[in-house]
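Asker: Fold the stuff below for me.
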Amino acid sequence: MKTVFSGLQPTGKMHIGNYIGAVNQWVKLQDYTEAIYCIVDLHAITVYQDPKELKEKSLEVAALYLACGLDPKKSHIFIQSENPNHPFLAWVLNCVTPFGQLERMTQFKDKSEKQKEGTTAGLFDYPVLMAADILLYQTDEVPVGDDQKQHIELARDLAEKFNKTYGETFKLPNPAIQKQTARIMSLQDAFVKMSKSDIDPMGAINLLDTEDEIREKVKKAVTDSESAVSKDKHYKQHGAISNLLTIYSAFSDLTFDEALNKFDRVSYSEFKQKLADLLVEKLTPIREKYQAIRSDEKALRKILDEGRDFAIKKSSITLEKVKEVVGLT
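Answerer: Reported below is the predicted structural model:
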């Protein structure tokens with residue numbers, strides 16, 4: 001059985017881009033893989049987080065995992081910082097990671113350009129910790145968005161280098177990316193990825209948004225100069241209408257072309273109404289289930305404790321081997 005591993009940061013608000021590009025994949029994978037999903041709070045602190053809010057957000061994300069369909073009988077869910085094997089392996093991998101390779105990481109270059117003097121060593125080293133997250137569990141596949149592909153490639157590179165230096169130790173993981181829904185764009189700027197940190201609250205539909213909020217955001221989503229959907233028009237990959245059709249197709253289990261044919265010659269206003277109806281129908285049960293799960297913190301904590309215990313037990317097998325081949329006592 002294949003092992004899959006992935007996770008999300010407990011920052012901002014989980015939105016439909018996270019659901020379409022990640023969590024929905026995870027739910028499907030848990031039926032036929034050994035599924036391990038964590039809340040990556042160590043990654044979150046590469047920038048300052050309010051301590052109380054970080055703890056609350058970690059539980060919020062865990063509850064949303066469950067509300068979206070992850071089953072603790074099929075998936076192992078835990079909080080990253082509760083397994084000390086992650087930072088331990090990250091340090092060992094640091095010692096085989098070329099400095100220049102980290103300098104070339106696209107996300108580091110982009111974020112450090114914005115953060116300037118506020119850029120931390122943690123942000124620079126983020127990809128090595130991510131590699132440790134993955135390699136600890138002898139992961140076969142990592143379901144991620146296409147913006148994380150470079151990080152998975154680094155994990156493969158480090159595994160290969162370590163194996164060549166110390167002997168066969170790690171599996172080489174592969175990214176599992178859904179091409180059609182790999183990247184959902186902002187509702188206000190079709191050239192910018194939908195983000196939990198977007199300063200424009202109208203850019204993302206959050207999983208916990210109310211019906212009124214969902215309808216308002218869809219209604220005000222940018223389109224183009226036309227007035228109706230047309231299958232004769234070649235929609236750009238990151239165009240506004242293409243993005244809305246991609247969202248519709250993901251929540252209706254249609255292909256992009258099927259969604260396009262369904263709304264051919266339908267006015268933008270009517271199409272937006274149908275999209276809003278669909279999102280309300282699909283997200284309302286998630287919001288209601290989340291509220292029920294979050295209200296029973298003892299049960300949620302039990303699921304996370306069981307996930308932590310599994311994660312420590314499984315990852316310790318890999319870490320003991322690493323210590324042995326490196327010569328650590």
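Asker: I figured residue 271 was touching residue 229, is that so?
Answerer: Yes - between residue 271 and residue 229 a contact is recorded at 5.6 Å, counting by C-beta atoms under 8 Å. Placement of C-beta: from N, CA and C, glycine included.
Asker: Overlap of the contact sets of these two?
Answerer: Common contacts of residue 271 and residue 229 (C-beta atoms under 8 Å, 6 or more residues apart in numbering): residue 263.
Asker: helix or strand for residue 5, which one?
Answerer: Taking DSSP states H and E as the definition, residue 5 sits inside strand 3-8.
Asker: make that residue 245, sorry
Answerer: Counting by DSSP H and E, residue 245 is found in helix 240-252.
Asker: and that helix, what does it pack onto?
Answerer: If contacts are counted by 3 or more C-beta pairs under 8 Å, 6 or more residues apart in numbering; DSSP states H and E, helix 240-252 sits against helix 256-262, helix 268-294.
Asker: could you dump these to CSV with mean pLDDT?
Answerer: Formatted as CSV, those follow (pLDDT from 0 to 100):
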stretch, mean pLDDT
helix 256-262, 92
helix 268-294, 97
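Asker: Buried by neighbour count: which residues of stretch 102-111 qualify?
Answerer: By neighbour count on 16 or more other C-beta atoms under 10 Å, the buried set for stretch 102-111 is 102, 105, 108, 111.
Asker: Quick one: residues contacting the second one.
Answerer: When you say that, I think you mean residue 105. Going by C-beta under 8 Å, 6+ apart, residue 105 touches 127, 150, 151, 154.
Asker: gap between the nearest residue to residue 177 once chain neighbours are set aside and residue 131?
Answerer: Spatial nearest neighbour of residue 177, excluding adjacent residues (C-beta to C-beta, 6 or more residues apart in numbering): residue 146 at 5.2 Å. Going from residue 146 to residue 131 by C-beta to C-beta, to the nearest Å gives 18 Å.
Asker: Would you mind telling me which of the two has the busier surroundings?
Answerer: Neighbours were counted for residue 146 and for residue 131 using other C-beta atoms under 10 Å; residue 131 has more, 26 against 14.
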